[in-house]
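>>> Sequence plus the predicted model coming up.
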Amino acid sequence: MAKIIQFAEYRSKLTLKLPLYSTRVAAGFPSPADDYIEARLDLNEHLIKHPAATFFVRVEGNSMIGAGIHENDILIVDRSIKPTDGKVVIAVINGELTVKRLKLAQNKVFLLPENDLFAAIEINEEMEFNIWGVVTNVIHSV
C-alpha cells in the first residue's frame, strides 16, 4: 500500500544545487579523499525527467523488499513512462494503491510482490484496475 505525499508539477522551477565531488568513494578499502568539487548537482535533473508527470508516494508495508523498497521509503513515480512487463508500478486495485512488479504473460496481467510472504495478484475483469505510473527511483534512508 502506498500513500501519496506530494505532486511535483512545479518541481522544475525549484533548484537546489549541491556539491558533487569528482573523487569516488571506495566501497572496499578506504581511499584518500581530495576536496575537489567537480560540479554542482541538482537532484531534480537526475531523478525527475518529466516534472509535470512526476509524483512521490511513501511506502507502507514490506511486499517489495526484494526490489530494495522498504517501509517509509519515498518512491519517485513517472506517469509518462509506459508500464511494460517487468517495471515496478503504482497500481490502483478496487480503490487501493499498491506498488508491485508488473508481469504481462499469456494475455494476463499480474502484479508481483518481491517478498515470498506475499502472493501474486492476478488482475481479472471484476477488479477495478488502473496503473498510475512507473517507479523510477527509491529514496531510502540508511
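Noted; the coordinates are in hand.
>>> What is the helix or strand containing residue 102 packed up against?
Using DSSP states H and E, residue 102 sits in strand 96-105. Judged by 3 or more CB pairs under 8 Å, 6 or more residues apart in numbering; DSSP states H and E, the packing partners of strand 96-105 are strand 2-7, strand 54-59, strand 88-93, strand 108-112, strand 129-139. All C-beta spots, glycine's among them, are computed from the backbone N, C-alpha and C.
>>> Highest mean neighbour count out of these?
Neighbour counts (mean count of other CB atoms under 10 Å) averaged over each of the helices and strands packed on strand 96-105 peak at strand 54-59, with a mean of 20.
>>> So which elements touch it?
Contact here means 3+ CB pairs under 8 Å, 6+ apart; on that basis strand 54-59 packs against strand 2-7, strand 74-78, strand 96-105.
>>> Out of the ones you listed, which gets nearest to residue 66?
Closest approach to residue 66 among the helices and strands packed on strand 54-59 is made by strand 96-105 (9.2 Å; CB to CB).
>>> Adjacent strands (with direction) for that closest one?
Counting by DSSP bridges, the strands paired with strand 96-105 are strand 88-93 (antiparallel), strand 108-112 (antiparallel).
>>> mind putting those in JSON lines, mean pLDDT and distance to residue 43 included?
Formatted as JSON lines, those follow (pLDDT from 0 to 100; distance: least, CB to CB, whole Å):
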{"stretch": "strand 88-93", "mean pLDDT": "96", "distance to residue 43": "20"}
{"stretch": "strand 108-112", "mean pLDDT": "97", "distance to residue 43": "29"}
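>>> now the nearest residue in space to residue 111 that is not next to it in sequence: how far from residue 70?
Spatial nearest neighbour of residue 111, chain neighbours left out: residue 100 (3.6 Å); criterion: CB to CB, 6 or more residues apart in numbering. To residue 70, residue 100 is 15 Å away according to CB to CB, to the nearest Å.
>>> same check, this time on residue 43
For residue 43 relative to residue 70 (CB to CB), the value is 20 Å.
>>> Ok, which of the helices and strands packed on strand 96-105 comes nearest residue 66?
The closest of the helices and strands packed on strand 96-105 to residue 66 is strand 108-112. By CB to CB, the value is 9.8 Å.
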